[in-house]
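Asks: Sequence first, predicted model second:
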Amino acid sequence: MHNALESLLALLEEEIARQERVLAATRAQGKAARDRDMKALETQTAALMALAQESAHAEVARKRLLCKILGTGIPDGATLGGIIALAPEPFASRLREFQARLKNLLHATREETRTNTVVMRLSLRVVGRALSAVEPYRQACSAGYAANGQEPASTTWLPALIDQKG
């Protein structure tokens with residue numbers, strides 16, 4: 001059981017490092033949204049997606065390990081707190097420390113995500129209003145252009161005025 005608990009501590013340390021990267025990427029995503037930097041926003045979103053996949057894969061390994069620690073299977077509603085209650089010292093203390101760190105990280109990430117959501121929704125609202133304002137003129141402005149936005153090849157331009165050279 002000691003080896004399994006040591007392995008669990010190592011996996012939790014990896015998860016904490018991953019969640020720190022999630023928080024950093026979430027903060028960078030919010031900055032990119034406020035700066036209207038689409039390239040950085042897309043980069044941070046891709047990084048968050050990759051971290052989410054990593055976390056999902058790591059969860060499978062943690063569940064496998066928890067089955068070793070708890071016996072045949074993981075009971076419904078099993079939590080880190082439940083594992084801490086079963087773990088001997090010094091593992092219980094270290095697990096409590098990891099639990100506190102994870103809670104703090106997840107709380108900070110949740111708050112940052114809420115802030116980002118507000119910023120992005122406000123930005124979308126501004127863009128939506130701008131598009132709504134332009135929509136009535138779309139047909140008039142697009143007359144003479146092909147569906148892809150290019151000028152038709154047959155368009156010939158006539159000079160609006162002739163200079164002195166003729």
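Replies: Looks like it came in fine. Treat the numbers as computed from the prediction; the structure is a model and nothing was measured. Numbers count the residues shown, from 1 in each chain.

Asks: Excluding residues flanking it in the chain, which one is nearest the spatially most central residue of the chain?
Replies: Central residue of the chain (Cα atoms, centre = their mean): residue 48, 4.0 Å from the mean position. Excluding the flanking residues, the one nearest residue 48 by Cβ to Cβ, 6 or more residues apart in numbering is residue 25, at 5.1 Å. Every C-beta, even on glycine, is put in place using the N, C-alpha and C of the backbone.

Asks: counting contacts, what elements does whatever helix or strand the one you found lives in pack onto?
Replies: Using DSSP states H and E, the element containing residue 25 is helix 2-35. With contacts taken as 3 or more Cβ pairs under 8 Å, 6 or more residues apart in numbering; DSSP states H and E, helix 2-35 sits against helix 38-70, helix 91-134.

Asks: For that helix, what is the distance to the chain centroid?
Replies: In this view, helix 2-35 has its centroid 13 Å away from the chain centroid, taken as Cα atoms, centre = their mean, to the nearest Å.

Asks: Next, the buried residues of it.
Replies: If you call a residue buried by 16 or more other Cβ atoms under 10 Å, then helix 2-35 has these buried ones: 5, 7-9, 11-12, 15-16, 18-19, 22-23, 25-30, 32-33.

Asks: just the angle between that helix and helix 38-70, please?
Replies: Angle of helix 2-35 versus helix 38-70, following axes from the mean of the first three to the mean of the last three Cα atoms, to 10 degrees, is 160 degrees.

Asks: and residue 148, which of the helices and strands packed on helix 2-35 is closest to it?
Replies: Nearest of the helices and strands packed on helix 2-35 to residue 148, taken as Cβ to Cβ: helix 91-134 at 18.7 Å.

Asks: What is the closest one packed up against?
Replies: Using 3+ Cβ pairs under 8 Å, 6+ apart: helix 91-134 touches helix 2-35, helix 80-86.
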